[in-house]
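[1] Give me a 3D structure for the following:
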Amino acid sequence: MPDLVRAGTWVELHRVVLPPGERAPQVPAETQRVPLELLARGWLDAPAALGDEATVTTAAGRHVHGTLVAVEPGYEHTFGPPVPALLAVGRELRALLEGAP
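    The predicted structure is shown next:
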């Protein structure tokens, strides 16, 4: 029997909102061929195991249901590598402001 995740744990759910072919007609053809999917994070409302249907309460207070796919998910986004032209902007601006009358 899979381990149950305790209620109140920060988790991520997945749900297919619209399967392929049910997307809006104005959506491009390549988009029509894939499902519209939802990933939502929140606090688990009741104990559940990975792969189970579950409901979470989001930070905004919404109740969202879907398949439990991750427990205590981290953030994996990035803003990419630094832009050399922008690295000195903060120092240059500070120097300008400190030298302003």
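[2] quick one: the strands in this protein?
    Assigned by DSSP state E, the chain shows strands spanning 10-18, 36-44, 53-57, 63-71.
[3] Need the residues that contact the third one.
    Looking back up the chat, that one is strand 53-57. Outside strand 53-57, the residues that touch it by CB atoms under 8 Å, 6 or more residues apart in numbering are 11, 13, 40-46, 48, 63-68. All C-beta spots, glycine's among them, are computed from the backbone N, C-alpha and C.
[4] From those residues, pick the one nearest Leu4.
    Ala48 (6.6 Å; CB to CB).
[5] residue contacts, the closest one?
    Going by CB under 8 Å, 6+ apart, Ala48 touches Leu4, Val5, Ala54, Leu68.
[6] switch to 10 Å and redo it
    With contact set as CB atoms under 10 Å, 6 or more residues apart in numbering, Ala48 has these partners: 2, 4-7, 9, 11, 13, 54-56, 67-68, 71.
[7] Redo the strands of the chain as JSON lines? Include mean pLDDT and mean neighbour count.
    Listed next are the strands of the chain as JSON lines, based on pLDDT from 0 to 100; neighbours: other CB atoms under 10 Å:
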{"stretch": "strand 10-18", "mean pLDDT": "97", "mean neighbour count": "16"}
{"stretch": "strand 36-44", "mean pLDDT": "97", "mean neighbour count": "16"}
{"stretch": "strand 53-57", "mean pLDDT": "98", "mean neighbour count": "18"}
{"stretch": "strand 63-71", "mean pLDDT": "98", "mean neighbour count": "16"}
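[8] For Ala100, find the nearest of those strands.
    In terms of CB to CB, the element of those nearest to Ala100 is strand 36-44, at 44.1 Å.
[9] ok so, going back, and of the strands of the chain, who's closest to Thr78?
    Nearest to Thr78, of those and by CB to CB, is strand 36-44 at 17.3 Å.
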